[in-house]
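**Q** Predicted coordinates and the sequence they were generated for:
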Amino acid sequence: MTVTVRPGAAAAVGTRILIVDDDPAVVESVAWVLQEHGYDVAAETSAQALLARLAREEERTPDLLLLDILMPDGDGVELLELIKRD
């Protein structure tokens, strides 16, 4: 497999971004753009899935969290406050 890294993407290599959005099309398009720029991308489509992922000890902590504010199963702002407390 050949991986092409765009100029300036060296800083992105190894940087993990976790995308959380209830719209799979948004998750897919944002993930594609970030991966094209060399980022390690993980994604979830619900607040509960995010909390479960973060609770797993073997899960790598993301360097950046892109969090939807309005999701059917959780308010993004409240989730962020909960994550910050933990």
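**A** On my side now, so go ahead. Just so we're clear, the structure is a prediction, and the values are computed from it rather than from any experiment.
**Q** ok, the closest residue to Asp86 other than its chain neighbours to Thr61 distance?
**A** Excluding its sequence neighbours, the residue lying closest to Asp86 (CB to CB, 6 or more residues apart in numbering) is Leu54, at 7.6 Å. (C-beta placed from N, C-alpha, C; glycine too.) Leu54 sits 8 Å away from Thr61, taking CB to CB, to the nearest Å as the criterion.
**Q** tell me, what residue is most central in the chain?
**A** Leu18 (1.2 Å; CA atoms, centre = their mean).
**Q** Does it touch Leu65 like I think?
**A** Yes: using CB atoms under 8 Å, Leu18 is in contact with Leu65, at 5.1 Å.
**Q** Find the helix or strand that the residue nearest to Asp86 is a member of.
**A** Element membership of Leu54, judged by DSSP states H and E, is helix 47-55.
**Q** Flag every buried residue along the longest helix along the chain.
**A** The longest helix of the chain (DSSP state H) is helix 24-36. Using 16 or more other CB atoms under 10 Å as the test for burial, helix 24-36 gives 27, 30-31, 34.
**Q** and what of stretch 70-86?
**A** For stretch 70-86, by 16+ other CB under 10 Å, it's 71, 74, 76, 79.
**Q** what's the closest non-adjacent residue to the second one?
**A** Put plainly, it is Gly74. When the adjacent residues along the chain are set aside, Gly74 lies closest to Ala47, with 2.7 Å between them (CB to CB, 6+ apart).
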